[in-house]
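**Q** got a structure for you, letters missing:
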């Protein structure tokens, strides 16, 4: 069942978030210029997969990289390897980490690995959280940006300090870099400069990069060798991963240089939201291409407002809305190719309308 | 490094085994007539995945089915569910089962499930093997056909008897039906008639069906519900599986009716092999589209013979050869679309040549 909001978004003339609909055309475009005679990868071997792995290892400044069907698989495996190496089945991460809330407890169910939760649901992990850990851990996972709190980031100096502490104390540092490229413009660093602080790095291809699916895990040769064994154990060593690899490469080439533009546009769009009555973004000023939009009112009251603004202005602000609790709601925005295509006047008009409707409905 | 045999095969005019090279064209053909505006599946939901799952559930005569990126993942999960249900972490299967030899011990490493090995490396599991099991098991896995011994099969009556025994004794029966379609012509049964004997069924789309990758797991609704949770835990619940689903459906439609032809051609080709000096097939008469070809001589002595036959006749007999031990070697043959396209005269000529060369080289 499609919501009225989703329906209005689907019918709108312009859409503000994302790259576009996830259709088969995404695959067709990626394969249009690929020679049909190119051989498939075969169980992790062959030019198509090896070349891309080498390219990503170089991009991330790591010895080796391996392509995985998913980040869920890649990250559980990374943590398992670090736990085995240390002989300690405990890792630390944020309470809203993907592993903690989106994987049906795969890490615990498949590996019996315990998690120590650092920081809390309002903020990112800081150096103090790491220094004050009581239990020993084999590995600390940092997610940049911390998606479930609007894509917040620690300062680069904090990253450096955490990295230094972990190295000194024999704690492996893993980067959940699902959206690594998206944070580089804020940090003003290259991917390999950030990766250098970490022992292992995961990168996703269907977020900012806009591919179909798939992930890269990168690290030292020994680590990557072990990850390939686990990839086979998981059933992730498919006979052919090229549908994801070729599309990942295609969209990596197309989008990776556009991250500064997405970042600027995210700040621009967040400004529009924050100019509206009873609307605020988290973070207040985005540090990547993403942010969350919060309303201090129940979802049932906000959904009709958003739907009406979209229908009246033709500007697809958003297609979904989630309850934070009984009294408030929010949605996530990721900026991609579409925002740039929307006339500025249309955006302004839509947010003036949103502001006015919010004032009328919630005059207090 | 490509072998001389592979090189000769690649250069040959005709090729006897398989459907053709695994190239990007396999994907292009499958997507050629697919509307680019078709929406992607999203994390296991959406028309493209749900329709195909429903179609496969109906085909296999099961309540529900779920699409997996790989059979390795699907089967480990099936066994884990049956073990959890019984509270017993032991399963039984053949010593040359995929789980035992091709998955880096995933079942043991990820689930701590022990395996009881039935029958031996020369034959399939018979009723007597099941009756004489000493340890209690939660689940028995049967692979039809038993690939690593040339694709042998138990009789259909044996299947019925094993199924009856398992149901009576609270042992779940799982079908490794990676090549299920390929055995239906020999059994003269439908897929659902065979599946009916099993509690859970796995089917692959890149063997006889010739797709890119992917698998279906089918069973009762409750079982499939649980398998979806495990699919997420494994990182198999990709945001988009449509590259595999659409191609699986495309080639399923194209190839499933051709299995009787592949089976007849396998018997035909095995006859040619068996007419040659010091060459024999296992089984002697194939019971599916596949068989193994054995030579009582070391790989190093047979490889030049095969290479020369291919170069002289233009008939690509085979592209690989494996050592059985120090004194003998073998290769696997799977019949697909290509065999039909080779002129019968060319086949005859190639095998006359092979026979002659084998006699000259091994006169005893």
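**A** Yep, that arrived. Everything quoted here is computed from the prediction, not taken from an experiment.
**Q** Pretty sure residue A:273 sits in a helix.
**A** Yes: the assignment for residue A:273 by DSSP: H, G, I helix; E, B strand; the rest coil puts it in a helix.
**Q** Any figure for the gap between it and residue A:361?
**A** Using CB to CB, to the nearest Å, one obtains 16 Å as the distance from residue A:273 to residue A:361. Just so you know, the C-beta spots here come from the backbone N, C-alpha and C atoms, and that holds for glycine as well.
**Q** Same drill for the two, tell me which one is more crowded.
**A** Set residue A:273 next to residue A:361 and count neighbours by other CB atoms under 10 Å in any protein chain shown: residue A:273 wins out with 19 against 14.
**Q** What residues does that one make contact with?
**A** A:279-281, A:293, A:351 (CB atoms under 8 Å, 6 or more residues apart in numbering or on different chains).
**Q** Pick out the most distant pair among those residues.
**A** Within those, A:280 and A:351 form the most distant pair, 13.4 Å apart (CB to CB).
**Q** More neighbours: which of those two?
**A** The neighbour comparison of residue A:280 against residue A:351 (other CB under 10 Å) goes to residue A:351, with 23 against 15.
**Q** With adjacent residues omitted, what lies nearest to the more buried one?
**A** residue A:272 (4.3 Å; CB to CB, 6 or more residues apart in numbering or on different chains).
**Q** any idea of the pLDDT on the one you found?
**A** Looking at residue A:272, its pLDDT is 98.
**Q** Tell me the gap between the longest helix along chain A and the middle of its chain.
**A** Identified as the longest helix of chain A according to DSSP state H is helix A:344-361. Centre-to-centre, helix A:344-361 and its host chain are 29 Å apart (CA atoms, centre = their mean, to the nearest Å).
**Q** Can you tell me what sits against it?
**A** Contacts of helix A:344-361 (CB under 8 Å, 6+ apart): A:13-14, A:16, A:269, A:272-273, A:275-279, A:301, A:305-306, A:308-310, A:312-315, A:317.
**Q** Only the buried residues of it, if you could.
**A** Residues of helix A:344-361 classed as buried by neighbour count (16 or more other CB atoms under 10 Å in any protein chain shown): A:347, A:349-351, A:353-355, A:357-358.
**Q** I'd like those residues written out as CSV, with pLDDT added.
**A** What follows is the buried residues of helix A:344-361, written out as CSV (pLDDT from 0 to 100):
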residue, pLDDT
A:347, 98
A:349, 98
A:350, 98
A:351, 98
A:353, 98
A:354, 98
A:355, 98
A:357, 98
A:358, 98
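**Q** Go through these and name the one nearest residue A:121.
**A** Taking CB to CB as the measure, residue A:358 is the one of the buried residues of helix A:344-361 closest to residue A:121, at 25.9 Å.
**Q** related to what we said a few turns ago, okay, and which of the contacts of helix A:344-361 map to helices?
**A** A:269, A:272-273, A:301, A:305-306, A:308-310, A:312-313.
**Q** ok, and the most crowded of the residues you listed?
**A** residue A:310 (29 neighbours).
**Q** how about the strands in the stretch 101-250 of chain A?
**A** A:114-117, A:139-143, A:172-177, A:200-204, A:215-219 (DSSP state E, counting those that start in this stretch).
**Q** so of these, which one's packed in deepest?
**A** With neighbours defined as mean count of other CB atoms under 10 Å in any protein chain shown, those peak in mean count at strand A:215-219, which reaches a mean of 29.
**Q** tell me the angle of it relative to strand A:200-204?
**A** Strand A:215-219 runs at 160 degrees relative to strand A:200-204, counting by axes from the mean of the first three to the mean of the last three CA atoms, to 10 degrees.
**Q** Alright, that wraps it up for me.
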